[in-house]
Every structure is written in structure tokens, then in C-alpha cells.
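K.L.:
Predicted model and sequence below, questions to follow.
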Amino acid sequence: MRFNTFQVSRRGRREKNEDRMGYCYTREAGLFALADGLGGHPEGEVAAQMALQTLAALFQRDAKPALEDPAAFLQDAVLIAHQQLIRYAAEKGMSDTPRTTIVACVLQGRRAFWAHCGDSRLYMVRAGKLIARTRDHSYLELQNALGRVPQDGETFNRNVLLTCLGSPGKPMIDTHGPMLLEVGDRLLLCSDGLWGTVPDDFITEQLSASPVADAVPDLVEQALRNGGPRCDNVTALAVEWEGEADADEGHTEAGISTRSLSDDGFATTIQAAAQDGRGGADELDEAEIERSVREINEAIRRANERQTGVLKKS
């Protein structure tokens, strides 16, 4: 396949930037991900980095060179990232767990799949129109869905999340796909620092009007200007689908061709080390991953048994 991509992260008026982003790909599939570490909890930047490292490690393990079930992969990988954060906090004896939102997308064949937890978003734009957007797991989005309009003096705080990775309860994860891709389709993954100050119609217009290498930095700069003295960190990663490559052309002016890789090849931009000193995605403890997979499968089995028991009793 062939795609064109651009990513940028800018620190707003915050002490540090806890956003992380990156992508990786094999000969037949690509994974794009963005995480926004939560302020108010410890080590948000570590949470975001660990989440991306976990997804990258699982993608490298399972995409050989394609994923068997991209939707199931995203669901399981995000849950495992959550488990890794819980285990990390327990091992360090932390009284509170590092937390992060996440949005991730897999492109494989001519299909797109995505998943998210929290309020980091994915936008999909085709021929100048917004055809898909994730719905935040937030109090603000819930009120909008219910059609509630703030009364005089009332405001809805967009920072109040209903779920995230690293929280005590099981996170809510929404998955979507497959969405059949057309040449020229553009997908944007972004933190709330972007969409919180730039409206959807402006994002759609800018993403449609210019190459992603121009549209993304322009959107980020606009968000920083609109955010003013209290601006959040702004992070965005965009990818344009350019079709299925049919020749070994590697990096070209048109974009990246995955055909430059061998069947077991793997390329990534996700950094190999987090601030806590843990190894990179390629060094993530395989035993930890397998243990998380077993725990998740066991929890699903128990939930199914409880549900069957309820149905039998009724």
C-alpha cells in the first residue's frame, strides 16, 4: 500500500507536553496512534508513551505481514495497554496510576479500522466532506448527544472524561470498521488541544484544501492561536491513503510505499524509550504481554459465564 503522512506536536502553555504519537507499518498493514497523557495524574507522558509502545509491540508481533482481524487487534491491544499501566503503577507502588487517552487506526488492504478511549479523536475526510468522526467518552459529548443546551451560567467542562487507560475500572473502547478506502481519503488523529479550539468544519476544510504536510502544521498553529494564554498541548497525525502500491518504490515524492519491506519487515516512528527507563516497543516483555492476553481472555470468559447464568435463571 501507499500512504502519505505528517505528524507534529507543539507544547501549549503547559509545563510539559504529555502527548505522544507515531506510526509503524509492515508490507501489508499500517498502524497510526496518538495518546494524550492526563494531567492531574502522575507521569502522563509515561502513560502515553507506554500505550504507544504496547500497541507497536503487538502490531510488530501480529502483523506478519497482515493482521488476521484488525478490529479485534485494536480492541485487545488497547486493553493490554491499559493492563500495562495498571501493572506499572503496582510495581512502583504508586498511589495513583498514570493515565492517558488513546486513538489508533489500522490501514490494511483497502480498509480502515480504528479504536479510541477518551477524547483524542479521529476524523475521516473524503472529497471535502467529513464522513466519520469518533465520539468522545466525555461529559461534554454525552450532554451534546442528549441534546442538552447549557442554561444561563452553566457550562459543560470538556475536560471531564468518562473513561481512559489507567483508570481503576475497565476502560470503554469504541471500535469502528471496516471502512472501505478511496484514493485521496485523509484521516486525522488529534488531541483535544486541536479540536477544543478549532471547529470540525474548519478542520475538514483545511484538511481537504492542502497537502497533509501543509494542512497539519497550519491547523496546529491555528489551534495554538485560538487557545490563547491557556492553550493546551496540540498534537496531530494525518495520513492520506494513496492506494495499493504495485512496485518497490520505497519513499517517493508521492509518499511511502510499504512494498519496500520484506514479508517480515517492520518500520516505526514510535520512540524506543520512555522517561521511566523501560525498554522500547521491540524490548517490551513478551511474558507481560502474554500474561495480559490471558487475563483479558479469562475476564471475558467469566463475564460470558455470568451472562449465561443470568439468562438461565431468567
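P.N.:
Structure's in. What do you need?
K.L.:
For residue 171, give its distance to residue 86.
P.N.:
As for residue 171, its distance to residue 86 is 10 Å (criterion: Cβ to Cβ, to the nearest Å). From N, CA and C alone the C-beta is placed, and that goes for glycine too.
K.L.:
ok, now residue 63?
P.N.:
Distance from residue 63 to residue 86, counting by Cβ to Cβ: 25 Å.
K.L.:
Looking at the two now, which is surrounded by more residues?
P.N.:
Neighbours were tallied for residue 63 and for residue 86 using other Cβ atoms under 10 Å; the higher tally belongs to residue 63 (24 against 16).
K.L.:
Just list the residues touching that one, thanks.
P.N.:
Remark: with contacts taken as Cβ atoms under 8 Å, 6 or more residues apart in numbering, residue 63 is in contact with 26, 28, 29, 31, 266.
K.L.:
burial count for the first one?
P.N.:
Using other Cβ under 10 Å as the criterion, residue 26 is surrounded by 24 other residues.
K.L.:
How about it, nearest residue that isn't a chain neighbour?
P.N.:
In space, and not counting its chain neighbours, residue 26 is closest to residue 65: 4.0 Å by Cβ to Cβ, 6 or more residues apart in numbering.
K.L.:
Could you report the distance from that neighbour to residue 222?
P.N.:
In this view, residue 65 and residue 222 are 38 Å apart by Cβ to Cβ.
K.L.:
what's the residue closest to the geometric middle of this protein?
P.N.:
Nearest to the geometric centre of the chain sits residue 103, at 2.0 Å (Cα atoms, centre = their mean).
K.L.:
so is residue 182 in a helix, a strand, or just coil?
P.N.:
The three-state assignment at residue 182 reads coil, by DSSP: H, G, I helix; E, B strand; the rest coil.
K.L.:
For residue 128, give me its contacts.
P.N.:
In this structure, residue 128 makes contact with 204, 205, 208, judged by Cβ under 8 Å, 6+ apart.
K.L.:
how about a cut-off of 10 Å?
P.N.:
Each residue near residue 128 by Cβ atoms under 10 Å, 6 or more residues apart in numbering is listed here: 204, 205, 207, 208, 209.
K.L.:
From residue 164, how far off is it?
P.N.:
When distances are taken as Cβ to Cβ, residue 128 and residue 164 turn out to be 33 Å apart.
K.L.:
now swap in residue 103 and tell me
P.N.:
Here the distance between residue 103 and residue 164 works out to 12 Å (Cβ to Cβ).
K.L.:
Quick check: neighbours shared by these two?
P.N.:
Between them, residue 103 and residue 164 share these contacting residues under Cβ under 10 Å, 6+ apart: 35, 36, 117, 118, 119, 120.
K.L.:
ok, so of these, who is nearest residue 55?
P.N.:
The shortest separation between residue 55 and any of the shared contacts of residue 103 and residue 164 is 8.9 Å, and it belongs to residue 35 (by Cβ to Cβ).
K.L.:
is it fair to say the residue nearest to residue 26 lies in a helix?
P.N.:
No - judged by three-state DSSP, residue 65 forms no part of a helix; its state is coil.
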